[in-house]
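J.: I would like the atomic coordinates for the input below:
(4 chains)
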2 protein chains.
Amino acid sequence: MKRAKKKVFADFMSQKGLKSTKQRDIILDCFLSSDRHLSIEELYLKLRSKHPNIGYATVYRTLKLFAEAGIAREMQFGDGQTRYEHVSEGEHHDHLVCTRCGHIEEFENETIEKLQDEVADSRGFLIERHRLEIYGLCANCRK
Amino acid sequence: MKRAKKKVFADFMSQKGLKSTKQRDIILDCFLSSDRHLSIEELYLKLRSKHPNIGYATVYRTLKLFAEAGIAREMQFGDGQTRYEHVSEGEHHDHLVCTRCGHIEEFENETIEKLQDEVADSRGFLIERHRLEIYGLCANCRK
DNA sequence: GCCATCATGAAAGTGACATTCATTGACATT
DNA sequence: AATGTCAATGAATGTCACTTTCATGATGGC
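T.: Next up is the predicted model:
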């Protein structure tokens, strides 16, 4: 899976006439071996320990490239930071966000999606995408 | 309804020992006679034409007061601007957001809410609030 | 190896809040 | 009416999270 995404990214880059660099390889490795929901800042700090010479701007631009290549997705959870989520082949899911520890869980619910379609239909609305986030306390933080 | 909200705000202010001022009255009037989803910037610009002496900071602080008083609610739609929505008495709803014209419609669906509760329960998650937004083309923009 | 491009990173810029602080204004007290 | 008190105001400034610029530094096709 990790290897597959590396290939997707390599293909995307060569197709776009962009170059493979040490930094991009390092950032991709770090991203793929991280949490599923990571902010630029978090990834930057994680990299700094081993690669203090990689700049914030490079992490920022590289994550944008990941998004364009389809291996990452930009997400806003209302804390003022953009997070990047791993994307796996056309899959979609919604989120449970813990307001105490920041932990993010994913879930899917076919019935909810279907009801959304019905709502949209009844208003003549054509759905492009949606977001559903449930905020509260995760099982751990409820103790 | 407009009168009712003015009373709610007046009560909140006197209860908190805060003062009623010309500016706050003007901002409340302008807010109540506006779109249901307004950013600080939009409200500020709308006010400037008639009241060029009201500062951005005052609009900003006054909208926060409205939110505290329960007559407005802060919302993020991912465009980087906080929007304030009119609140009517403990009501909740979700949104259909048109990606072309920016039009925002509201909807409620009891079944979706119930399914969300089930998902949260199954993960031991305690819901505080949620957000559901459907992005796409409104009936008008589909033509 | 040469060189036209692309990539990098330090620094500066941007936009949308959020805060500061000197001044103003509203009411209560002399 | 003048003064005192203290919250409210708004111009200016600060903050934060990006976002862009620009002077180098790398890369990949001949």
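J.: please identify the residues of chain A in proximity to DNA strand C?
T.: A:13, A:17-19, A:21-24, A:53-58, A:61-62 (C-beta under 7 Å from any atom of the strand). Yep, even glycine has a C-beta here, placed from its N, CA and C like the rest.
J.: shouldn't residue A:105 be within a helix?
T.: No - remark: residue A:105 does not belong to a helix; assigned using DSSP: H, G, I helix; E, B strand; the rest coil, it is strand.
J.: ok, it to DNA strand C distance?
T.: 26 Å (C-beta to the nearest atom of the strand, to the nearest Å).
J.: contacting residues for that residue?
T.: Residues near residue A:105 by C-beta atoms under 8 Å, 6 or more residues apart in numbering or on different chains: A:95, A:96, A:138, B:123, B:125.
J.: filter these to the buried ones?
T.: Buried by 16 or more other C-beta atoms under 10 Å in any protein chain shown: A:95, A:96, A:138, B:125, out of these.
J.: in stretch A:107-123, what counts as buried?
T.: For stretch A:107-123, by 16+ other C-beta under 10 Å, it's A:107, A:109, A:112, A:115, A:116, A:119, A:120.
J.: point to the residue nearest the middle of chain A.
T.: For chain A, the residue sitting closest to the mean C-alpha position, by C-alpha atoms, centre = their mean, is residue A:85 at 1.3 Å.
J.: what's the neighbour count on the closest residue to it other than its chain neighbours?
T.: Closest residue to residue A:85 apart from its sequence neighbours, by C-beta to C-beta, 6 or more residues apart in numbering or on different chains: residue A:73 at 4.8 Å. When neighbours are counted by other C-beta atoms under 10 Å in any protein chain shown, residue A:73 registers 14.
J.: in chain A, which strand is the longest?
T.: strand A:126-137 (DSSP state E).
J.: could you see whether chain B lies near that one?
T.: Yes - Strand A:126-137 is in contact with chain B by C-beta under 8 Å from any C-beta of the partner chain, via A:126, A:127, A:128, A:129, A:130, A:131, A:132, A:133, A:134, A:135, A:136, A:137.
J.: next: stretch A:113-124.
T.: Yes - counting by C-beta under 8 Å from any C-beta, chain B has neighbours in stretch A:113-124: A:115, A:116, A:119, A:120, A:123, A:124.
J.: OK, contacts around the residue nearest to residue A:134 when sequence neighbours are not counted?
T.: Leaving out its chain neighbours, the residue that sits closest to residue A:134 by C-beta to C-beta, 6+ apart is residue B:130, at 4.5 Å. For residue B:130, the contact set (C-beta under 8 Å, 6+ apart) comprises A:132, A:133, A:134, A:135, B:116.
J.: what score does residue A:90 have for pLDDT?
T.: Per-residue confidence (pLDDT) for residue A:90: 68.
J.: scratch that, residue A:109
T.: 95.
J.: that one touches residue A:94, doesn't it?
T.: Yes - Residue A:109 is within contact range of residue A:94, at 7.3 Å (criterion: C-beta atoms under 8 Å).
J.: and the gap between residue A:20 and residue A:58?
T.: 14 Å (C-beta to C-beta, to the nearest Å).
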